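S.K.: Sequence and predicted structure below; questions after.
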Amino acid sequence: MVVEQVLATGGPQPESTVEFYHENATVGVVSQNGVIEARAVGQTVIGARAVGFDAHSRPVIYSEVDATNNVI
């Protein structure tokens with residue numbers, strides 16, 4: 001098993017939160033703390049976004065990034 005952790009810095013502070021996501025849980029997952037766990041050989045996308053709220057309490061994505069990960 002391979003485990004890594006993503007460190008997210010920057011973005012609007014203090015009203016934004018960082019949300020992590022993955023596309024193929026069979027291959028790998030990422031926790032909401034940014035810990036990535038490889039589960040099987042294959043390919044998946046892991047991403048993160050800084051999310052906050054505008055003056056009308058609507059969610060706003062300030063920034064987003066993702067990367068294709070190959071587990072071999």
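M.R.: Sure, I can see it.
S.K.: Go ahead and flag the most central residue of the protein.
M.R.: residue 20 (2.3 Å; Cα atoms, centre = their mean).
S.K.: Next one, pLDDT for that one please.
M.R.: Here, the pLDDT recorded for residue 20 equals 93.
S.K.: tell me which element it falls in.
M.R.: In this structure, residue 20 sits in strand 17-22 according to DSSP states H and E.
S.K.: Run the chain-centre distance for the next helix or strand after that strand.
M.R.: Per DSSP H and E, strand 17-22 leads on to strand 28-30 as the next helix or strand towards the C-terminus. For strand 28-30, the separation from the chain centroid amounts to 9 Å (computed by Cα atoms, centre = their mean, to the nearest Å).
S.K.: neighbouring strands for strand 28-30, and are they parallel or not?
M.R.: strand 35-38 (antiparallel) (DSSP bridges).
S.K.: Any buried residues in the strand it pairs with, and which?
M.R.: For strand 35-38, burial by neighbour count (16 or more other Cβ atoms under 10 Å) applies to 36, 38. From N, CA and C alone the C-beta is placed, and that goes for glycine too.
S.K.: okay, it in CSV with CA atoms only?
M.R.: In CSV, the C-alpha atoms belonging to strand 35-38 read as follows (Å, rounded to 0.1, in the frame of the first residue of the first chain):
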residue,chain,number,x,y,z
VAL,A,35,-4.1,11.7,2.5
ILE,A,36,-3.9,9.7,-0.8
GLU,A,37,-4.1,5.9,-0.7
ALA,A,38,-3.2,3.8,-3.7
